[in-house]
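J.: show me how the following folds:
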Amino acid sequence: GPSATAGAVGQRVPCLTTASGMVRDLQMTGWIDYRTRSVLTEVFVYNPSLNHFVMVQAVLEMPSTGGVHAHTNVRTARLLRYSSTEDLALLGLEIAMLLLIVFDIMEKVVYYYTYGISILENPWDIYDIFFHVLFSIMMAMRLNTVLKFEALKFDPTVRIYYDFADVMYWDSVADGMSATLAWLIWFRLFKYLYHLSWARQIIET
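T.: Residues are numbered from 1 along each chain as shown. Next comes the predicted model:
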């Protein structure tokens, strides 16, 4: 647990009851003094009805020049991604998207290898390569998030401390990458719409 020595680094506490008692002890012993520069409080809450994890961070910075600067950060994440029937439908769509991209990559490799054409001659194919690389990075982030979450062995019925900070960070990064890919897919539609005569006229104008 956190040490009562001034300037020490607090460690993670496995039980809320233990943490509450330690905080009272620290208040009584005056562990914050003129050498303390910051105090970080981190709380994780799980809402089973919404299936959301919430991380609340509160930082108090106490510079040597005096004063106290407070910073707060609240982050939510859905780490149990496939816990309901609707989530399984989303999983099916994600698997279908993954298979489509894999087939698209295989088709391009076979086509350009068979006809000996350089893939750099077509701007749309360069765009597809960029998209596939970003998609692979996003899938790696998703897998990393799942593995880190499973390593915690989360059990909502057990009152112990789980450090979800690292998991929630990678989950938020993967969500940001997913939003970027969704934006890129919208532009990718022009590649297929251009083959339609009525759509080609609208695009060219």
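
J.: dihedrals phi and psi, V74?
T.: phi -120, psi 130 (degrees, to the nearest 10).

J.: hmm, H52 and it touching each other?
T.: No: V74 lies out of contact with H52 (CB atoms under 8 Å); the separation is 11.6 Å. From N, CA and C alone the C-beta is placed, and that goes for glycine too.

J.: find the nearest non-adjacent residue to M141, please.
T.: Leaving aside its sequence neighbours, M141 sits nearest to A174 (CB to CB, 6 or more residues apart in numbering; 3.9 Å).

J.: looking at V74 and H52, which is more packed in?
T.: H52 (14 against 10; other CB atoms under 10 Å).

J.: now do the phi/psi pair for the more buried one.
T.: Per degrees, to the nearest 10, the backbone of H52 is at phi -130, psi 140.

J.: surely it is in contact with R78?
T.: Yes: counting by CB under 8 Å, R78 is a contact partner of H52 at 5.8 Å.

J.: which of the residues in the host helix or strand of E107 are buried?
T.: For E107, the enclosing helix or strand under DSSP states H and E is helix 85-115. Buried positions in helix 85-115, judged by neighbour count with 16 or more other CB atoms under 10 Å: 101, 108, 112.

J.: distance check, the residue nearest the centre of the chain against D128.
T.: Centrality entry for the chain: nearest residue to the mean C-alpha point is D171, 1.6 Å, by CA atoms, centre = their mean. Taking CB to CB, to the nearest Å as the criterion, D171 is separated from D128 by 27 Å.

J.: cool, and T157?
T.: On the measure of CB to CB, T157 and D128 end up 47 Å apart.

J.: so between these two, which is more surrounded?
T.: D128 (19 against 4).

J.: what comes up buried for the strand or helix carrying the more buried one?
T.: In this assignment (DSSP H and E), D128 forms part of helix 123-152. Buried residues in helix 123-152, counting neighbours by 16+ other CB under 10 Å, are found at 125, 128, 131, 135, 138-139, 141-142, 144-146, 148-149.
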